[in-house]
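A.B. asks: any chance you could fold what I've pasted below:
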Amino acid sequence: MARPYAVLYLSLACAFAAQVCHAQSKSTDSQSVIPAVIQAVEDEIYDLHHEGNYFMVDGNSGGDSKPAPINIYISREISDGVGIAVYKDMPYGEVYRYFTVDENGTVHLSGGPETFLPIGGSMLTVYMSDEDVFKFIQTAYKGSFVVDPNVSSERLKSAESRQMQRTGYSFRLKRGAGPYNHKTKE
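C.D. replies: Numbering: from 1, shown residues only. Below is the predicted model:
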């Protein structure tokens, strides 16, 4: 008759383990990091030379050189330093993108445009059900930013500098080791 005790012991051990894991999980409201998320997205767009790809997003025709307002939706909760943002990342389309917030409050975007395939994590929303995208957008914080095809050289330099600090590489400067192991150009 040792089996009932073994089952009881196993059940209590599983319940305790679940409580410990839940207690170690830390969730915070994301509202305070929204500006940093937007800054990371903008910096990546400018560093990748993608500012000219937003010409038809704002309802204007091709060849448009006006700044394009872009909506961004950010998960209300950051769990263990991880959150989610949905926004238009041209020329790829709308992305569902994970981000992390380090101990200094710096936001790091997960993956890159070439990795937005539906293999888990960050992906194009076209690979998600409409219902899942709609549900996320309805419950997320809504923000916005502007992509300027005629961005100033000062703004570009700031984006390059922050990308070097954030990822270790700047595509615009073509230097640094970076997350994709690019060779440093001397």
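A.B. asks: report the mean confidence score over stretch 34-42.
C.D. replies: The pLDDT scores in stretch 34-42 average 97.
A.B. asks: buried ones in that stretch?
C.D. replies: Residues 34, 36-42 are the ones in stretch 34-42 that count as buried (16 or more other Cβ atoms under 10 Å). In this view, the C-beta of every residue, glycine as well, is placed from N, C-alpha and C.
A.B. asks: in this protein, which ranges drop under the pLDDT threshold?
C.D. replies: Residue ranges of the chain with pLDDT under 70: 1-25, 58-64, 113-114, 117-120, 175-186.
A.B. asks: where exactly do the helices run in it?
C.D. replies: Applying DSSP state H to the chain gives helices spanning 2-24, 34-47, 130-139, 153-167.
A.B. asks: for the shortest one, packing partners?
C.D. replies: If I follow you right, that is helix 130-139. strand 82-89, strand 93-101 (3 or more Cβ pairs under 8 Å, 6 or more residues apart in numbering; DSSP states H and E).
A.B. asks: got the angle for the shortest one vs helix 130-139?
C.D. replies: Strand 82-89 and helix 130-139 meet at an angle of 110 degrees, taking axes from the mean of the first three to the mean of the last three Cα atoms, to 10 degrees as the criterion.
A.B. asks: what do you get for the last one?
C.D. replies: When the same axes, to 10 degrees is applied, the directions of strand 93-101 and helix 130-139 differ by 50 degrees.
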